[in-house]
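Peer 1: Next one to model:
(chains A and B)
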Amino acid sequence: MRKDSMLRRLPSKPTDSSTKSVLTLYWYDREISAQPNDTVASALLLAGVRASRKSPVSGDARQPFCMMGSCFECLVEIGGQILQSCMTPARDGMRLKMPESELEATIGAAQADLEHT
Amino acid sequence: MLHTKVAIIGAGPAGMAAARTLAALDIPCTIMDEQAAAGGQIYRSINNGGLQRADILGKEYQAGSQWIKGLAHTDITANFGVSVWQIDSDNTITYSQANSATTKAYQLSAEHILLATGAQERPFAFAGWTLPGVMSVGAAQIMLKAQGIVPENAVLAGNGPLLYLFASQLIKAGYPPKMILETWSDKAWRNALPHLPAALGGGKKYLWKGLKMLAQIKRAGVKHCKGIRDLAALGDADLSQVRFTHSGKIQAIEAQHLLVHQGVIPNTQFTRSMSIEHSWNPIQQAWQPQADAWGDMGKRRFIAGDGAGIGGAIAAEIAGQLSALQIARQQSVLTEQQRDISAQPLQKQLAQELKVRPFLDSLYAPDYRDVLHNDDVMVCRCEEVTGGTLRDHVRKGCLGLNQSKAFSRCGMGPCQGRMCGLTAAKILADERGVDVSEIDYMRIRAPIKPVTLQELADLA
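Peer 2: The predicted structure is shown next:
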């Protein structure tokens, strides 16, 4: 991505204690730093992870779209559970990856459908 | 099973105002919200970081503080991080809540339920809207409110007051958008002008605010193209270019963030799942649940705020109070006369507050012309169903969205139609040559949020 077109975190005011501590999340093996007010989705987006999910239909990359729990494009596998990352507060040490089982489940079902027809 | 007198689902302006009115009448209530804190989307994160950015977010945002303070009352139980996924006909509410290690399901029975579930952004389907780099204006504004995150050189596209508001907030934050691409529906001004006198009567402050934001955008030197068509997001792995037609010419600009918006609509997932009748609002171009002036939908179920029809935050606060008064009446805490004494000034305020709506709703009506003319646009993001496929199924006999769903899986993915329902209905109506109000909406069933088998087992 171009350097002049990133997502930026506005500097916090000295009075804001909530942003003092830094959390570390892991997107696969990559370390992502986050603040206590972050959701998993905001932390990933700020870190430049633009494709946190693949469409189970075409496999095309998808990015969180609504950030308020409606679109489900932000689904991420968090510690083994597929969750809406925009609704999940960031916690130190979280292990994150694309929801592969979502993809496998759908492809598995499609194959089962084909075998029955 | 837990029990409460009144369960309020949603802690935005309507829910918070209702809770305060109930508590003032000594009626205990439980207010629940999916978010980690009160405020809804409009006052999002106001108590955990949002006020740090009060200078950017403005006075209207700061006004939310008083409602949050009002929740600190012995008669109000506030429960956050709670995802309600089923409401039964006997007013049993089933929800899930994440604890330290697991997510567990619980049930709560309520004498009255007040839905204050608010709005969502209107689905805005256009070529390439699934590309990473494209998100809604509302989504970007949530990141500004909650996390203080802003996009550099964003392109804003679509229409509605939020487009101007967010552009002006980005300017204040020091990250002005690269460009604003505004769509206009056919005959927008002609449809809006008859409503202007009423808007001037009750909504001068909103019109004035709009003009101020437009002036600010102009002063900041942000390029503002009005009346664009054929919006398209282009790129290989993610967004690199935005293409559009303006004054008859095709133009393309480089962009890494495209933020889109086309107004807001009531979030009807709950009311649909509860089999409540919905009617089409032709001015707001959306379905809304049928309720009386108190928000009463029958059987001790109420709705207040944008979920009942779009009115904005102030109208939602008033509506929440009115619903609370009628609930108090039904619980025999107030006499009819006592209810009316409290309600009358609120009803006057509400009527005044809503005067600007028909003008705004008509002027910023969604423009469906492009999606109706381009069969390749993906309408259902989850199942990747295009408008062309939906039309094909209409020609094969699909008259409503439930049949389309069975034929194409449109609306069957994890979002359960939230992102496609309205666009799909418009396409079906267009192909059939009928008004969209004649299209049967898809059946929404509980659980309205995905749950695990473990959560279901918790309830056994």
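Peer 1: what sits against residue 75?
Peer 2: Here I'm looking at chain A. Contacts for A:L75 (C-beta atoms under 8 Å, 6 or more residues apart in numbering or on different chains) come out as A:53, A:82-85, A:99, A:102, B:414. Quick note: C-beta positions are derived from backbone N, CA and C, even for glycine.
Peer 1: actually it's chain B I care about, not the one you picked
Peer 2: B:22-23, B:26-29.
Peer 1: For B:R20, see how far away it is.
Peer 2: Remark: distance between B:D75 and B:R20 (C-beta to C-beta, to the nearest Å) = 10 Å.
Peer 1: Over to the most centrally placed residue in chain A. Which of the three states is it?
Peer 2: In chain A, the residue lying closest to the centroid (C-alpha atoms, centre = their mean) is A:A41, at 4.4 Å. With DSSP: H, G, I helix; E, B strand; the rest coil as the basis, A:A41 sits in helix.
Peer 1: so what's it scoring on pLDDT?
Peer 2: A:A41 is assigned 98 on the pLDDT scale.
Peer 1: same deal with B:H373?
Peer 2: pLDDT, read off for B:H373, is 95.
Peer 1: State the helix or strand in which the nearest residue to B:E336 once chain neighbours are set aside lies.
Peer 2: Closest residue to B:E336 apart from its sequence neighbours, by C-beta to C-beta, 6 or more residues apart in numbering or on different chains: B:R329 at 6.5 Å. Element membership for B:R329, per DSSP states H and E: helix B:313-330.
Peer 1: Quick check: next helix or strand after that helix?
Peer 2: By DSSP H and E, the next helix or strand past helix B:313-330 is helix B:336-353.
Peer 1: any residues touching that following helix, and which ones?
Peer 2: Taking contacts as C-beta under 8 Å, 6+ apart, the residues outside helix B:336-353 that touch it are B:202-203, B:293, B:311-312, B:314-315, B:318-319, B:321-322, B:325-326, B:328-329, B:334.
Peer 1: That one: which residues count as buried?
Peer 2: B:339, B:342-343, B:346, B:349-350, B:353 (16 or more other C-beta atoms under 10 Å in any protein chain shown).
Peer 1: Also stretch B:208-218?
Peer 2: B:209-210, B:213, B:216-217.
Peer 1: Confirm B:F359 sits in a helix?
Peer 2: Yes - according to three-state DSSP, B:F359 belongs to a helix.
Peer 1: Could you tell me how far it is located from B:K187?
Peer 2: With C-beta to C-beta as the criterion, B:F359 and B:K187 are 14 Å apart.
Peer 1: Have a look at those two and say which one is more surrounded.
Peer 2: B:F359 (24 against 10; other C-beta atoms under 10 Å in any protein chain shown).
Peer 1: That one: what's it in contact with?
Peer 2: By C-beta under 8 Å, 6+ apart, the residues touching B:F359 are B:192, B:195-196, B:198-199, B:203.
Peer 1: Mind doing that once more with 7 Å?
Peer 2: B:192, B:195-196, B:198-199 (C-beta atoms under 7 Å, 6 or more residues apart in numbering or on different chains).
Peer 1: Would you work out how far apart the start and end of stretch B:388-402 are?
Peer 2: Using C-alpha to C-alpha, to the nearest Å, the gap from the first to the last residue of stretch B:388-402 comes to 17 Å.
Peer 1: How about the secondary structure of B:M442?
Peer 2: The assignment at B:M442 comes out as coil when based on three-state DSSP.
Peer 1: which residues does it contact?
Peer 2: Contacts here follow C-beta under 7 Å, 6+ apart; on that basis B:M442 touches B:401-402, B:405, B:411, B:417, B:421.
Peer 1: And it, how close does it get to A:R30?
Peer 2: B:M442 is 39 Å from A:R30, by C-beta to C-beta.
Peer 1: re the thing from before, any of the contacts of B:F359 buried? List them.
Peer 2: Among the contacts of B:F359, those classed as buried by 16+ other C-beta under 10 Å are B:192, B:195-196, B:199.
Peer 1: Sort out which one of those lies nearest chain A for me.
Peer 2: The nearest member of those to chain A, counting by C-beta to the nearest C-beta, is B:A192 at 27.5 Å.
Peer 1: before we move on, what SS does that closest one have?
Peer 2: helix.
Peer 1: Double-check it against B:Y364; I have them as touching.
Peer 2: No - taking contacts as C-beta atoms under 7 Å, B:A192 lies outside contact range of B:Y364: 8.4 Å.
Peer 1: Between the two ends of stretch B:149-166, how far is it?
Peer 2: 13 Å.
Peer 1: ok, back up a step: which of the contacts of B:D75 sit farthest apart?
Peer 2: Spatial extent of those (C-beta to C-beta) is set by the pair B:D26 and B:C29 at 10.6 Å.
Peer 1: who's more crowded, these two?
Peer 2: B:C29 (26 against 11).
Peer 1: Can you point out the buried residues in the worst-scoring helix or strand of chain B on mean pLDDT?
Peer 2: One helix or strand of chain B scores below all others by mean pLDDT, DSSP states H and E: helix B:453-458, with a mean of 90. Of the residues in helix B:453-458, B:455, B:458 count as buried by neighbour count, 16+ other C-beta under 10 Å.
Peer 1: list the helices and strands that helix packs on?
Peer 2: When contacts are defined as 3 or more C-beta pairs under 7 Å, 6 or more residues apart in numbering or on different chains; DSSP states H and E, helix B:453-458 packs onto strand B:103-115.
Peer 1: Can you tell me which helices and strands the strand it packs on packs against?
Peer 2: Contact analysis of strand B:103-115 by 3+ C-beta pairs under 7 Å, 6+ apart lists strand B:2-9, strand B:92-98, strand B:301-303, helix B:313-330, helix B:453-458 as its packing neighbours.
Peer 1: which of those is buried the deepest?
Peer 2: Comparing the helices and strands packed on strand B:103-115 by mean neighbour count (mean count of other C-beta atoms under 10 Å in any protein chain shown), strand B:301-303 comes out on top with a mean of 28.
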